[in-house]
Each structure stands twice: as structure tokens, then as C-alpha cells.
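Asks: Sequence and predicted structure are below.
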Amino acid sequence: MKSIRSSRATRSIVATASAVSLCLLLAACGDNGGARNKPATPTDVEGIKFATARVRAFAEPPTSIGITQPVGKPIPGGKRIVMIGAGPGGIGTIIAHEAMSEAVKELDWELKFIQPKEPTPQLLQQALDQAIQLEPDAVVISATETAPIAGQLAKLKAKGIPVVSNNGPDPSGGPLVIQIAGLDALNDLAVAIADKTLADMGEPGIVGIVGLPGYRIISEYTEAYKKEIETRCPSCEIVEVSIPVSSLGTTAGTAMANFTRASPDMKAMFVSYDAMGINLFSAAQAAGATLPRTYSLGTAPASIPALANGALTASAPLDQGEMGWRVVDALARIFTGQQESALKHDVMYPRPMLWSKSLNNVPEAPQGNAFPSIVKNYPEQYRKLWGK
């Protein structure tokens, strides 16, 4: 665990590499009358009531992808697209790639996927250098900020190769032709899961937040979650911890279990990137830790059984499969000289959705890495837009 801090709290915690030392530090700090002992203020009561009312709107899935304007022009075939992944831990980008692989077949395009071992600036730069050498018709990046790869993006722009991004922190424009479902869309998901957190708590308490350094987009929408908690429940206490990307699939679950053990009064925990929590519940059981209500954003397929049995209290899914088709729609508009149409339509994302056993809407566990569709017939809706 890299760091742990508390906001609106009366205690200060310094992280160490040892979970045992962390627990001892917390025990030594003691309780000086934090949120756990504070009665709810009128602001808390109204804020939690507001959050509870909003949750009801997120229980039913949207029925439309939100795009109704057809491309309306013949879409050229034979286009070659290169997609850059966000590392093996970026499960969402892998799902989006698999969906794009199906979508491009509809338009007779080719798709190549370049996956860096980790989303470090150096490895992302190398991946983009490789893409530039291939001289594709377009490049797609995901969950990646532009500053560390500015040199490669400038080369692509000079060559007239459009760069489309999805789920990234930077807006459309500059080196990006379009940012699809960027910070605004992810902030909406973060606020929705924060409202669910407060609705389930029903009163002020300690909320833990688990961050993932290395992805600016995750850090930014995690701030949106935190702000919603603080705004609706000023008496709530927030404690935070960060775990490294390298721990995904290995020690991440143990680190989070230790985090909850170090703060036994925690009422809820937000896992900012759902894939971090894939081995959380088995790690907690092995450690004899009792987890608080647990929430996540960007549901991974492997987490759906935990949602179904209630171990994972709720999650805000981002349909990366649909996102893959949305990227192809944007490219179809760009390749037919309709960049403004792409900027008008494809940047949008259907309203937030929450999955939870308490909402009785958890989908069936998928096979393999497939993702349950939020908009059930989205491929048919895109085919109609493309005249297929």
C-alpha cells in the first residue's frame, strides 16, 4: 500500500509497507471523536435522502445507445486501425478490443491490437512508435492521458492519422480528434455509486477509498466519488489508500483486506477500479477479515458472481463492449468527412447504471471475458446507423 490519508477526520495516518505496522499505527492513534460518534446533521439527513432518491433512477438499464443520426454516407472499406491497450490490468480495454474486432468486420476493416506490458509512459510511447511505423488509417488509445505521449501524438497528427481516445482524462481537440466517454461520463458513474454508498449506509460513517496510481482518469473520477460523499454527508469521514498497478491479480486483495482491518469501523469501501477487487473476497476470507459494504466502478466480468451473492454490494458498470462499437461509429463518421457528427453524437454515453443484489438487477455471469450488455441490442442499433 502506497499511502493512506483521512479527510474530515481527527486522526492522521502514515502508511508503511507493512500491514501489521499500519494496524499498530492506527490502533495507537485511537479515536478522538471522528465521524463514527457524530450525530447526523440536517445536511447529512437531506444529503442521504437525496442520494437514496437518485439511486432508484439507476436501477433500470437504458434501452438506447443515445445515437439516432445515421452516418448517412457510404463508409469506405479496407481501413486499418491500430488500438493501443492499457496493459494486462486494463480489462476494460481488452473487452473493448474484442468488441471492436467484431464491429470492424461489419465495415470490412482490419484491427491490430498492441498491448504494453504496463501502462508506463515509456512502454506506451514504444507501443505508439510501433503503431506509427504501421502507417494505419487511425489509432485508438484508451484510459491514457496525452501528456506523456505528446511526441507520438504529434507525429500521428503530422501524418494525418486521426487518434480516437475513449475513457481518457483529456478532452476532444488538440492531439485527439475525439475523446469518447471521457471524464464527464466516468464522473457520472462515480457520483451514482457514491449515492448508492450513502443510501446503503443511511447515516454518517467512515468510507474507505482504494485508489490506483498510474491512471489519471481513475484518480480524477475517484475525486468525483469523494466529492459526492463529502457534499451529501459532511459528517462522513473518508480514509484512503493506494495500491500499485503491479499488485493487480496478486497482492491487491490482501492489501485491501488489510486496509479494512486497519480501520475496523469502516462502514463502506469504494474500489475505484473494479478489477483490483477480483481476489479481494478470497483474500479477506483467508485473512479472517470482515469486509464492510464494498462498491466499485467499471465492473469486471469476474466480479459478477460476487455481485450476485452480495459480497460486492454494488458496482457501476461501464459497458466496454458497447464502447468498442461506439469507437468504430466515430471512425466511420471521421472517414466520411463528418468529424463534427462524431463530436456531437459519439462523445455521449447512456446514463449511469448500477448493479446490486439489493436492486435485484445483477445479470447472469458471462462466459469468459464477455461483458453483459447494458443496452441489450446495441450491435443492431449500430448496424442500423451504418446502413447494415
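Replies: Perfect, thanks for sending it.

Asks: how about the strands in the stretch 51-200 of the chain?
Replies: Assigned by DSSP state E, counting those that start in this stretch, the stretch 51-200 of the chain shows strands spanning 80-84, 110-114, 138-142, 163-166, 178-180.

Asks: would TSV of those strands with distance to residue 69, mean neighbour count and mean pLDDT be doable?
Replies: Yep, even glycine has a C-beta here, placed from its N, CA and C like the rest. Shown next, in TSV, are the strands of the stretch 51-200 of the chain (distance: least, C-beta to C-beta, whole Å; neighbours: other C-beta atoms under 10 Å; pLDDT from 0 to 100):
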stretch	distance to residue 69	mean neighbour count	mean pLDDT
strand 80-84	22	23	97
strand 110-114	24	17	97
strand 138-142	21	26	96
strand 163-166	18	26	96
strand 178-180	15	25	96
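
Asks: Which of the ones you listed sits closest to residue 208?
Replies: Each of these has some distance to residue 208 by C-beta to C-beta; the shortest is strand 138-142, at 27.5 Å.

Asks: Can you name the next helix or strand after the helix or strand encompassing residue 334?
Replies: Using DSSP states H and E, residue 334 maps to helix 320-335. Later in the chain than helix 320-335, the nearest helix or strand by DSSP H and E is helix 339-345.

Asks: contact partners of that following helix?
Replies: 66, 67, 69, 71, 172, 177, 178, 329, 330, 331, 333, 334 (C-beta atoms under 8 Å, 6 or more residues apart in numbering).

Asks: Point out where the stretch 1-150 of the chain drops to low pLDDT.
Replies: 1-37 (pLDDT under 70).

Asks: Show me where it has its helices.
Replies: 19-29, 42-57, 91-103, 121-134, 150-158 (DSSP state H, counting those that start in this stretch).

Asks: related to what we said a few turns ago, export the strands of the stretch 51-200 of the chain to JSON lines and tack on distance to residue 199?
Replies: Output for the strands of the stretch 51-200 of the chain, formatted as JSON lines (distance: least, C-beta to C-beta, whole Å):
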{"stretch": "strand 80-84", "distance to residue 199": "37"}
{"stretch": "strand 110-114", "distance to residue 199": "39"}
{"stretch": "strand 138-142", "distance to residue 199": "31"}
{"stretch": "strand 163-166", "distance to residue 199": "29"}
{"stretch": "strand 178-180", "distance to residue 199": "30"}
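
Asks: looking at those, which is closest to residue 276?
Replies: Proximity to residue 276 (C-beta to C-beta) singles out strand 138-142 among these, at 17.5 Å.

Asks: And the closest one, what does it pack against?
Replies: Under the contact definition 3 or more C-beta pairs under 8 Å, 6 or more residues apart in numbering; DSSP states H and E, strand 138-142 sits against strand 80-84, helix 91-103, helix 121-134, strand 163-166, helix 320-335.

Asks: can you redo those as a markdown table with distance to residue 362?
Replies: Listed next are the helices and strands packed on strand 138-142 as a markdown table, based on distance: least, C-beta to C-beta, whole Å:
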| stretch | distance to residue 362 |
| --- | --- |
| strand 80-84 | 30 |
| helix 91-103 | 18 |
| helix 121-134 | 35 |
| strand 163-166 | 25 |
| helix 320-335 | 17 |
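
Asks: Among the ones you listed, which comes closest to residue 240?
Replies: So among these, helix 91-103 is nearest, using C-beta to C-beta, at 22.5 Å.

Asks: Please list the residues outside that closest one that contact it.
Replies: 81, 83, 85-86, 88, 111, 113, 140, 142-143, 166-167, 275, 298, 300-301, 318, 320-325, 327-328, 369-371, 379, 382.

Asks: Please apply the same query to stretch 54-67.
Replies: By C-beta under 8 Å, 6+ apart, stretch 54-67 touches 192, 195-196, 199, 316, 322, 326, 329, 345-346, 348-354, 359, 361, 374-376, 378, 381-382, 385.

Asks: Could you give me the buried positions within that stretch?
Replies: Applying a neighbour-count criterion of 16 or more other C-beta atoms under 10 Å, one finds 54, 55, 58, 61, 62, 65, 67 buried in stretch 54-67.

Asks: swap in stretch 249-263?
Replies: For stretch 249-263, burial by neighbour count (16+ other C-beta under 10 Å) applies to 251-263.

Asks: do the same with stretch 122-141
Replies: For stretch 122-141, a neighbour-count test (16+ other C-beta under 10 Å) marks 124, 125, 127, 128, 131, 132, 136, 137, 138, 139, 140, 141 as buried.

Asks: Equivalent analysis for stretch 297-311, please.
Replies: Neighbour counts over stretch 297-311 (16+ other C-beta under 10 Å) mark 297, 298, 299, 300, 301, 302, 303, 304, 306, 307, 311 as buried.

Asks: Helix or strand for the last one, just tell me which one.
Replies: In this assignment (DSSP H and E), residue 311 forms part of neither any helix nor any strand.

Asks: what's it in contact with, if anything?
Replies: 281, 291, 294.

Asks: I'd like to know which of those is nearest to residue 46.
Replies: Nearest to residue 46 among those is residue 294, at 25.9 Å by C-beta to C-beta.
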